[in-house]
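1. Could you work out the structure for the sequence below:
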Amino acid sequence: MKKIFVACGSGVATSQTVASKIGGMIEDEGLDATVEAVDIKSLESIIDQCDIYVSIVSSDAESYGKPTVSGIPFLTGVGMEDTWEQLKEYIEA
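-> Purely as a prediction, here's the structure:
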């Protein structure tokens, strides 16, 4: 089972919204993954506990050496299908 972290500045509103949306999509497709919203400040100390990182911070943020996708398309809907396909590839890898 793949573990996905979604991080924003506070780990409350935005990351929770994106994590919930991704969680629903994972469930709908029957994929073997879990999603957790975390705050960006704790990410560095827990990043080794996840397989995939969904970032909702600026594009120049560290990738932490994990497969990373932008969470912004899950908020705006713009480019969401392409980003979802990329995320699915990481989950199924």
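
2. can we go C-alpha only for contacts and neighbour counts from here?
-> Fine.

3. what pLDDT does the residue at minimal distance from the centre of the chain get?
-> Geometric centre of the chain, nearest residue: residue 54, 2.6 Å, by Cα atoms, centre = their mean. Residue 54 is assigned a pLDDT of 95 by the prediction.

4. cool, residue 44 as well?
-> pLDDT, read off for residue 44, is 86.

5. what's the neighbour count on it?
-> When neighbours are defined as other Cα atoms under 10 Å, residue 44 has 11 of them.

6. Spit out the contact partners of the residue nearest to the centre of the chain.
-> The contact partners of residue 54, taken as Cα atoms under 8 Å, 6 or more residues apart in numbering, are 4, 5, 6, 7, 68, 69, 70, 71.

7. Doesn't it lie inside a strand?
-> Yes: remark: residue 54 belongs to a strand, assigned using DSSP: H, G, I helix; E, B strand; the rest coil.

8. returning to what we had before: of all the contacts of residue 54, which comes closest to residue 37?
-> Among the contacts of residue 54, residue 6 lies closest to residue 37 (Cα to Cα), at 4.7 Å.

9. Who is the closest one paired with across the strands?
-> Applying DSSP bridges to residue 6 gives these bridge partners: residue 37, residue 54.

10. correct me, but it touches residue 34?
-> No: at 10.7 Å, residue 6 does not count as touching residue 34 under the criterion of Cα atoms under 8 Å.

11. These two: which is more packed in?
-> Between residue 6 and residue 34, counting by other Cα under 10 Å, residue 6 is the more crowded of the two (29 against 17).
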